[in-house]
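Visitor: got a structure for you, letters missing:
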């Protein structure tokens, strides 16, 4: 189990005292974050969508590498199933969707009547919470994850989120405070495995992203028809704690509504084979939602990297749904 614990969280060395120039830079960055938060707070979805599209056009020269990564990922997954123009459209809309997802925890809260929660695992998830059973909610970088988090936090009063701390500790506190204003969650650093275990063993519910790349992991899973490296953390945490892992997806609909879909519980087994099987089941459940809402997936992440053995074609998956084209 020690090896699995290593995959859950890497111990970060105690940071050395910040230098004066670094402290000044952090303070300046924090001032910019405060200004940005003040400008964004209370903005509607409609306003933010228009603003993001405009900002995307203005920032296009600085986003070229992100566009290139998204196009390469789409080419690798779909090949001739998509035309160059279709790949370009999905890549651009994916970037817009990502920025909107990052801001949805800060802007004007969405009316709860616009959020529909469903799925075969939803009742079990809420029932296990009421029974005091720790659970892991396995999210992916698709659609409106912060809106889904807000809805879950209204149903589950023990919800905590595993997050990656910002390099700037002042900005990190500001961002977490802004996120917490629209939800009721605790926040646990991805480097704090002990806090994760305390949460689960105390009957808490832990939300963590599951579609993460890890160059250190040897776990290869069939994801979107390609051999893909996955971080072992979510399954290793499930195995170590004995808590089930619930896959979830969250998407925006064209009519302005939102969906939170919860899959069935994936209970842990013992050993590397059980761990790999749990992650493979997670990937299989997530795939249809990426296929149905490709423009809302996080294609700008370098998901498959040359030289690490990932990206091998395992099967054809067919074209995605081209929504709004």
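Guide: Arrived safely. Please read all numbers here as calculations on a predicted model, not as lab measurements.
Visitor: which stretches of the protein form helices?
Guide: For the chain, the helices defined by DSSP state H occupy 2-8, 20-40, 45-58, 64-78, 84-103, 122-130, 145-155, 169-180, 193-201, 233-241, 272-292.
Visitor: Residue 112 is nearest to which of these?
Guide: Nearest to residue 112 among the helices of the chain is helix 145-155 (7.2 Å), distances taken as CB to CB. In this view, the C-beta of every residue, glycine as well, is placed from N, C-alpha and C.
Visitor: what comes up buried for the closest one?
Guide: The neighbour-count check on helix 145-155 (16 or more other CB atoms under 10 Å) flags 145-153 as buried.
Visitor: Please identify the deepest-packed of the helices of the chain.
Guide: The highest mean neighbour count among the helices of the chain, using mean count of other CB atoms under 10 Å, belongs to helix 233-241: a mean of 25.
Visitor: Against which helices or strands is it packed?
Guide: When contacts are defined as 3 or more CB pairs under 8 Å, 6 or more residues apart in numbering; DSSP states H and E, helix 233-241 packs onto helix 2-8, strand 135-139, helix 193-201, strand 205-209, strand 245-252, helix 272-292.
Visitor: any chance of the helices of the chain in CSV, with mean pLDDT too?
Guide: CSV is the format used below for those (pLDDT from 0 to 100):
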stretch, mean pLDDT
helix 2-8, 42
helix 20-40, 88
helix 45-58, 92
helix 64-78, 95
helix 84-103, 94
helix 122-130, 96
helix 145-155, 90
helix 169-180, 83
helix 193-201, 94
helix 233-241, 93
helix 272-292, 95
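Visitor: I'd like those helices as TSV, with distance to residue 161 appended.
Guide: Shown next, in TSV, are the helices of the chain (distance: least, CB to CB, whole Å):
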stretch	distance to residue 161
helix 2-8	15
helix 20-40	18
helix 45-58	22
helix 64-78	24
helix 84-103	14
helix 122-130	15
helix 145-155	7
helix 169-180	8
helix 193-201	10
helix 233-241	13
helix 272-292	18
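Visitor: which one of these lies closest to residue 162?
Guide: Once those are compared by CB to CB, helix 193-201 is nearest, at 6.6 Å.
Visitor: angle of the closest one against strand 135-139?
Guide: Here helix 193-201 runs at an angle of 120 degrees relative to strand 135-139 (axes from the mean of the first three to the mean of the last three CA atoms, to 10 degrees).
Visitor: chain center to helix 193-201, what's the gap?
Guide: 20 Å (CA atoms, centre = their mean, to the nearest Å).
Visitor: Equivalent analysis for stretch 151-164, please.
Guide: Taking mean C-alpha positions (CA atoms, centre = their mean), stretch 151-164 and its chain are 14 Å apart.
Visitor: Which positions in stretch 255-268 come out as buried?
Guide: 258-266, 268.
Visitor: hmm, back to that, a markdown table please, covering the helices and strands packed on helix 233-241 and showing distance to residue 215.
Guide: Formatted as a markdown table, those follow (distance: least, CB to CB, whole Å):
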| stretch | distance to residue 215 |
| --- | --- |
| helix 2-8 | 12 |
| strand 135-139 | 21 |
| helix 193-201 | 19 |
| strand 205-209 | 17 |
| strand 245-252 | 23 |
| helix 272-292 | 16 |
